[in-house]
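How does the following fold in three dimensions:
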Amino acid sequence: MSEAQLISTIVERVVARFNEADPTKVIVGISNRHVHLTDADFATLFGYDRPVVKKYVRQHGEFAAEESVTIHGPKGSFQRVRVMGPNRSATQVELSRTDCRALGLDAPMAQSGHLSEAAPIEIEGPEGRVALDHAAIVAGRHIHMGPADAEALGLKDQDRVSVVFPGERGGRFDNFLVRVKDSYLLELHLDTDEANAIGAKTGDYVTICPR
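Below is the predicted model:
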């Protein structure tokens, strides 16, 4: 690591510590299109049991995998869509609204795991292909937080809050779903459409509006 890179890393960590001391400040994570797979679907697509870790993400135990897939809709396809691990109990494809238009899908906006109204989609891997009746969603904007974070903000699981984004294209987005769990670290998730609209990027800090 060069001296300039070391200084930059130290500055970033100091800024992160300062921001995390304020309970209203939350780090941003931008979600590009990605796929969560069940054990059975992963084995069908890849011919082995478990995804290989490429890079761990902020939430405990979750990672971007080395594996990627092709997803097919009525009008188009996307190649090299990242698989996220570990495997889950239901296969889920998370897309932006722009992605849905390109694929020809009418996917609902939904909370992760709520797939009863999810759109049909096909997923292709190097060893096989699966067709799913209810798997594709546009994930609603949300904030992960642990119980202590929620208590500090006077919030509970499934509350809705507004968030202010800084910068030239900054502004206020409403209706962020609060998701509280013991294992969660404080992190806000937006999809690429929303991030581009308001000029946000992964690693930014934004402010939860007081209730």
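
domain parsing for this structure?
Structurally, the chain divides into domains by automatic domain parsing as follows: 21-30+141-208, 32-139.

got CSV for these, with mean neighbour count and mean pLDDT too?
For every residue, glycine as well, the C-beta is placed using N, CA and C. As requested, the domains of the chain are exported to CSV (neighbours: other CB atoms under 10 Å; pLDDT from 0 to 100):
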stretch, mean neighbour count, mean pLDDT
domain 21-30+141-208, 17, 96
domain 32-139, 17, 97
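
Isn't H189 up against I27?
No - here H189 lies out of contact with I27, judged by CB atoms under 8 Å, at a distance of 10.3 Å.

hey, where'd the helices end up in the chain?
Here the chain has its helices, by DSSP state H, at 3-20, 39-46, 97-103, 147-153, 192-198.

Run through the residues that contact the residue lying closest to R160 once chain neighbours are set aside.
Here the nearest residue to R160 in space, its sequence neighbours aside, is N175; by CB to CB, 6 or more residues apart in numbering that works out to 5.3 Å. Listed by CB atoms under 8 Å, 6 or more residues apart in numbering, the contact set of N175 reads G140, R141, R160, S162.

quick one: which of those sit in strands?
Of these, the ones assigned to strands by DSSP state E are R160, S162.

how about a markdown table for the contacts of N175, with distance to D106 added?
Conversion of the contacts of N175 to a markdown table gives the following (distance: CB to CB, whole Å):
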| residue | distance to D106 |
| --- | --- |
| G140 | 16 |
| R141 | 20 |
| R160 | 24 |
| S162 | 28 |
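
Relative to R58, which of the contacts of N175 is nearest.
Relative to R58, the closest of those is R141; by CB to CB it sits at 16.2 Å.

list the contacts for the closest one?
For R141, the set of contacting residues under the criterion of CB under 8 Å, 6+ apart consists of F173, N175, F176, L177, L188, H189, L190, D191, E194.
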